[in-house]
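Asks: predicted model and sequence below, questions to follow.
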Amino acid sequence: ICDKFIDYDRILNEYETLSYDEKNQYLPQLCTLLSHVPCNHDHISKLKQIVEDDMRVLINDVTQIANIFKSVRSIPHVAKELKKIVEEHIHHEGIEAIERFAVTSINDPKLYVETILAVHGKFSPTVSTEQVFMSALDQVEDKDIFEKCYTKLLARRLIGELSISDTLEESMISKLKVVCGAQYTFKLEHMLSDISISKDLTKKFRNRERNINDKSDFSVMVLSANLWSLATPNSFNLPSELTPLYNSFTQFYHEQHTGRKLTWLHQYSKAELDTFYLKQNFIFQVSMYQLAVLLLFNKAEEYTVENLVDETLIKEELLLQVLCSLLKQKIITCTNLGGDNMNSDELTEKDLKNEYTLHLALDYKKYGSYAWRKINLRRKLKVEQKNNEDLNHSIDEDRRMVIQTAIVRTMKEDKTLKHQELLNKVVQQLSSRFKPNVVIIE
């Protein structure tokens with residue numbers, strides 16, 4: 001009955017003349033008004049044409065596109081057509097991004113994955129709620145490379161506590177599981193499980209320590225050695241201030257899990273250090289190596305570089321990087337370098353000699369508001385130059401093992417096969433995971 005009194009043609013004609021911002025404002029009401037109209041009706045076709053034209057103009061404005069999608073969901077026929085436009089655009093953007101790095105990405109799978117994730121990040125506000133876009137992963141031929149790189153990036157987020165939320169990580173892994181299968185996500189799921197178990201373990205340990213009046217705020221991640229691709233422990237002399245706490249946790253853990261071995265990876269650890277030697281008290285957020293260096297100044301006013309190597313047992317190449325970072329941030333000083341050189345951003349490890357003397361900078365100031373008492377001093381160390389080479393080698397080795405397993409499984413099932421038949425069956429088995437090299441199979 002109401003349709004008799006609504007002039008749809010006039011409404012659509014006037015809507016078409018509005019600015020893009022005005023259209024975004026009135027599109028939800030217009031879609032609600034037209035939602036009960038049959039999908040093959042002329043009015044729906046006209047609305048679809050208007051919105052399509054607008055989208056092609058606004059295609060690079062992710063916010064505008066997301067708003068349009070939210071509005072047209074009430075008209076599935078229109079939403080379906082608009083998805084095709086966005087899919088084509090994202091595919092085009094992705095191909096262009098990958099082609100820009102085509103030569104490099106052949107030898108650097110990490111760059112390849114990061115490029116894909118960058119495209120995803122750009123358009124995720126538009127498509128994150130549309131399940132159809134998960135099919136993009138189906139187009140990735142080498143899913144094992146994606147898995148390796150995703151696992152490495154996930155480990156970095158979890159260890160560095162950089163994830164927005166565990167729920168979002170679980171959601172992403174669940175989607176990967178649907179697309180790629182349970183075997184693909186087995187390691188990822190157990191990595192998240194390690195983090196969850198570690199949180200419970202930390203809570204239990206804190207409750208026990210609270211009963212013996214220990215005021216230390218200590219948390220720990222206990223990670224399964226066979227799941228996490230982490231660097232082997234480096235030589236390190238744990239500061240005496242922390243020894244009782246570490247011994248206490250070790251004892252607690254062995255009480256909980258008899259027979260297990262704990263290996264401390266201090267290169268991934270971090271701490272907060274209260275300062276009381278400055279006019280303004282600060283909290284320094286430091287790596288474990290930085291902590292070991294700075295705590296030594298509680299015992300003596302100055303140390304030579306050689307002394308610090310002996311006291312901390314940190315490899316010299318790593319310790320020099322730690323000292324450079326503290327010098328550049330004016331936490332410590334070195335009179336041998338001179339003021340201008342010491343403060344220079346060009347300071348490198350080669351500028352530090354074993355006989356040079358270091359001491360705390362007692363005139364340290366935090367420029368800006370003193371309201372921000374926490375200062376992050378942590379800096380990345382150049383210790384993993386061979387990361388990409390190791391990753392490539394790991395991928396090649398894993399593929400060889402998977403190919404060998406597929407060959408054995410196929411021959412057990414078929415007993416005898418001609419050479420070409422065996423090749424075809426193995427390739428067919430592995431094609432869902434990666435594109436196998438026939439030369440390696442042979």
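Replies: Here it is on my side, so go on.

Asks: any regions of the stretch 51-200 of the chain where pLDDT drops low?
Replies: Regions of the stretch 51-200 of the chain meeting the criterion pLDDT under 70 cover residues 55, 58-62, 74, 77, 91, 93-142.

Asks: what about 90?
Replies: 51-153, 155-157, 160-187 (pLDDT under 90).

Asks: number of residues surrounding residue 65?
Replies: 22 (other CB atoms under 10 Å). (Glycine included, C-beta is placed from N, CA and C.)

Asks: next: the one 10 residues further on.
Replies: The local packing of residue 75 (other CB under 10 Å) involves 23 other residues.

Asks: likewise residue 63?
Replies: So residue 63, with other CB under 10 Å, has 11 neighbours.

Asks: which elements pack onto whichever strand or helix holds it?
Replies: Assigned by DSSP states H and E, residue 63 falls within helix 62-72. Helices and strands touching helix 62-72, by 3 or more CB pairs under 8 Å, 6 or more residues apart in numbering; DSSP states H and E, are helix 20-34, helix 42-58, helix 76-100, helix 109-127.

Asks: now it against helix 42-58, angle please.
Replies: Comparing the axes of helix 62-72 and helix 42-58 via axes from the mean of the first three to the mean of the last three CA atoms, to 10 degrees yields an angle of 170 degrees.

Asks: now the helices: where do they sit in the stretch 251-400 of the chain?
Replies: 288-296, 305-312, 316-328, 339-342, 387-414 (DSSP state H, counting those that start in this stretch).

Asks: residues contacting stretch 10-28, please?
Replies: Contacting residues not belonging to stretch 10-28 are listed as 30, 33, 43, 46-47, 50-51, 54, 57-58, 64, 67-68, 70-72 [CB atoms under 8 Å, 6 or more residues apart in numbering].

Asks: ok so, going back, export the helix holding residue 63 as PDB, just CAs?
Replies: Extracted in PDB, the C-alpha atoms of helix 62-72 (Å, rounded to 0.1, in the frame of the first residue of the first chain):
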ATOM      1  CA  VAL A  62      38.800   2.500   2.100                       C
ATOM      2  CA  THR A  63      36.700   4.300   4.700                       C
ATOM      3  CA  GLN A  64      34.100   5.300   2.100                       C
ATOM      4  CA  ILE A  65      34.000   1.800   0.500                       C
ATOM      5  CA  ALA A  66      33.500   0.300   4.000                       C
ATOM      6  CA  ASN A  67      30.600   2.600   4.700                       C
ATOM      7  CA  ILE A  68      28.900   1.800   1.300                       C
ATOM      8  CA  PHE A  69      29.200  -2.000   2.100                       C
ATOM      9  CA  LYS A  70      27.600  -1.500   5.500                       C
ATOM     10  CA  SER A  71      24.700   0.300   3.900                       C
ATOM     11  CA  VAL A  72      23.900  -2.100   1.000                       C
END
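
Asks: out of the contacts of stretch 10-28, which end up buried?
Replies: Those of the contacts of stretch 10-28 that meet the buried threshold are 30, 33, 43, 46-47, 50-51, 54, 58, 64, 67-68, 70-72, by 16 or more other CB atoms under 10 Å.

Asks: between those, which is closest to residue 206?
Replies: Taking CB to CB as the measure, residue 206 lies nearest residue 70 of the buried ones among the contacts of stretch 10-28, at 44.0 Å.

Asks: for that closest one, which residues are in contact?
Replies: So residue 70 contacts residue 28 (CB under 8 Å, 6+ apart).

Asks: for residue 317, see how far away it is.
Replies: As judged by CB to CB, to the nearest Å, residue 70 and residue 317 stand 54 Å apart.

Asks: same question for residue 208.
Replies: On the measure of CB to CB, residue 208 and residue 317 end up 39 Å apart.

Asks: between these two, who's got more neighbours?
Replies: residue 208 (14 against 11).

Asks: give me the element that one is part of.
Replies: Counting by DSSP H and E, residue 208 is part of helix 182-211.

Asks: what about the residue nearest to residue 411 when sequence neighbours are not counted, which SS state?
Replies: Computed as CB to CB, 6 or more residues apart in numbering, the closest residue to residue 411 that is not its neighbour in sequence is residue 417, at 6.9 Å. Per DSSP: H, G, I helix; E, B strand; the rest coil, the local secondary structure of residue 417 is coil.

Asks: what's around residue 22, how many residues?
Replies: 11.

Asks: for stretch 31-44, measure first residue to last.
Replies: Using CA to CA, to the nearest Å, one end of stretch 31-44 lies 9 Å from the other.

Asks: got it, and stretch 218-230?
Replies: Note: stretch 218-230 ends 21 Å apart using CA to CA.

Asks: buried ones in stretch 226-244?
Replies: 227-228, 236, 238-239, 242.

Asks: now tabulate those residues in a markdown table and tack on distance to residue 153, secondary structure and pLDDT.
Replies: A markdown table is the format used below for the buried residues of stretch 226-244 (distance: CB to CB, whole Å; DSSP: H, G, I helix; E, B strand; the rest coil; pLDDT from 0 to 100):
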| residue | distance to residue 153 | secondary structure | pLDDT |
| --- | --- | --- | --- |
| 227 | 15 | coil | 87 |
| 228 | 13 | coil | 89 |
| 236 | 26 | coil | 93 |
| 238 | 30 | coil | 94 |
| 239 | 31 | coil | 94 |
| 242 | 30 | coil | 92 |
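
Asks: farthest-separated two in these?
Replies: The distance between the two most remote of the buried residues of stretch 226-244 (CB to CB) is 29.3 Å, for 227 and 239.

Asks: go through the helices of the stretch 251-400 of the chain and pick out the most buried.
Replies: Neighbour counts (mean count of other CB atoms under 10 Å) averaged over each of the helices of the stretch 251-400 of the chain peak at helix 288-296, with a mean of 22.

Asks: tell me what that one is packed against?
Replies: Using 3+ CB pairs under 8 Å, 6+ apart: helix 288-296 touches strand 270-274, strand 283-287, helix 305-312, helix 316-328.

Asks: that helix to strand 283-287, inter-axis angle?
Replies: Using the same axes, to 10 degrees: helix 288-296 against strand 283-287 is 130 degrees.

Asks: who's in contact with helix 288-296?
Replies: By CB under 8 Å, 6+ apart, helix 288-296 touches 236-239, 241, 266-267, 269-271, 273, 284, 286, 303, 308, 311-312, 314, 318-319, 322-323, 325-326, 331-332, 360, 377-378, 381.

Asks: over to stretch 235-242?
Replies: Contacts of stretch 235-242 (CB under 8 Å, 6+ apart): 246, 264, 266-267, 288-289, 291-292, 295-296, 311-315.

Asks: repeat that for 7 Å
Replies: Outside stretch 235-242, the residues within contact range by CB atoms under 7 Å, 6 or more residues apart in numbering are 246, 266, 291-292, 295, 311-315.

Asks: that concludes my questions; thank you for your assistance.
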